[in-house]
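> Generate coordinates for the sequence data below:
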Amino acid sequence: MHGITIRAKIITLALSVIYGLLPVLLHAADNPPPVAVLLSDNDSVYNEPVEAFRAEIDSPVSLFNLQGDIKKDPLLKEKLLSIHPRLIFALGAKAAFTAKLWTREYQEIPVLFAMVLNWKRYNLLDQKNMAGIAAEIAPGTKFANITILSPGIKRIGVIYSSYSRETLQRAKEAAEIFNIELYGKEIDRPTDFKLHFKKIRRKIDAFFVLNDPVLYTLDNMDWLNTRCIKGKLPCIGQSKNIAEHGLVLSINPDISDIGSQAASMAKNIINRHQRPDLIGVMAPLGTQIIINQTTAQRIGLKLRQASLDMATQIID
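As a prediction, the model looks like this:
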């Protein structure tokens, strides 16, 4: 009888603890830890993907900003980690690399990065908690759009550095499918760009600008724009500003789609426990095609109606 009384007291105590914790557990279920969004700086280019991500992630979102320099807020790391984020969505190279460093000892926190040009140069995947979305669309998509723009383009010039060797190899494989030949020249310094461009100019029908940090300088792009127009050569890039600057065509990821794609990947990591290191870096799904019609007219390129219909934006 005495044993039954003790057992009853234990059960009563256990139930009181459970019922006491129940409101806490329910509150935690209704208020899960937030997802942290880390921005490299105040660039407005991040606004669209952040809003798309926030709308689709199904989790509270806390925003943090490096403002271009980690030294501007020395306590930012502590602020971010104090919310115990379920995941960090890092936008831009500085944010991606910083998130990698901050989670070196907290690799249970997944990091998803996007909008990082030449992401391989930052060794972002040498931690198991890292995954991302590439800043460039698949080479096959680029050549498909170039073919629609002008079927007569069969020889394309490409200048690259050691950062882009692997990118060039993938591009060559994709170009063969469209019966396009790539003429590549490797450079080590930005000042080598103009010389090598002149060497391949007579062999090519068009020139493709890689997002390569060695060749992609303001001086080189200004010079290239002038040369392409003077030489009536279709020059193609991979960012909106390069088409606005004067190149005839830009084929680049759709910025708002990056936010939606990142939200989908983040939910798979959080809810389905997918490992970031097994996801790796995915190609962006959305494509933005910008045609500079003014430049096309200046270089004598007759635009097909199919390419105009497919364009996301026409600059005229």
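
> in the chain, which segments are predicted with low confidence?
Scanning the chain for pLDDT under 70 picks out the ranges 1-30.

> Apart from its neighbours in sequence, what residue is nearest residue 228?
residue 235 (3.9 Å; CB to CB, 6 or more residues apart in numbering). The way it works is simple: take the backbone N, C-alpha and C, and place the C-beta from them, glycine included.

> contacting residues for the one you found?
By CB atoms under 8 Å, 6 or more residues apart in numbering, the contact set of residue 235 is 206, 207, 208, 209, 224, 225, 228, 247, 248.

> Could you do residue 219 as well?
Under the contact definition (CB under 8 Å, 6+ apart), the residues listed for residue 219 are residue 190.

> Can you name the helix or strand that it falls in?
helix 218-230 (DSSP states H and E).

> And the next helix or strand past that helix?
Past helix 218-230, further along toward the C-terminus, the next helix or strand under DSSP H and E is strand 235-237.

> next structured bit after that next one?
helix 240-245.

> buried sites along that following helix?
The neighbour-count criterion (16 or more other CB atoms under 10 Å) identifies 240, 242, 243, 245 as the buried residues of helix 240-245.

> just checking, what packs against it?
With contacts defined as 3 or more CB pairs under 8 Å, 6 or more residues apart in numbering; DSSP states H and E, the packing partners of helix 240-245 are helix 218-230, strand 249-253, strand 287-292, strand 313-315.

> Please compute how far that helix lies from its chain's middle.
Helix 240-245 has its average C-alpha position 18 Å from the chain's average C-alpha position, going by CA atoms, centre = their mean, to the nearest Å.

> who's in contact with it?
Outside of helix 240-245, the residues that reach it under the criterion CB under 8 Å, 6+ apart are 209, 221, 225, 237, 249-250, 252, 288, 290-292, 313, 315.

> Could you dump the residues you listed into a markdown table and include neighbour count and distance to residue 279?
Formatted as a markdown table, the entries for these read as follows, by neighbours: other CB atoms under 10 Å; distance: CB to CB, whole Å:
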| residue | neighbour count | distance to residue 279 |
| --- | --- | --- |
| 209 | 22 | 29 |
| 221 | 20 | 33 |
| 225 | 17 | 38 |
| 237 | 26 | 28 |
| 249 | 28 | 31 |
| 250 | 26 | 28 |
| 252 | 24 | 22 |
| 288 | 20 | 24 |
| 290 | 22 | 29 |
| 291 | 25 | 33 |
| 292 | 23 | 36 |
| 313 | 14 | 31 |
| 315 | 17 | 36 |
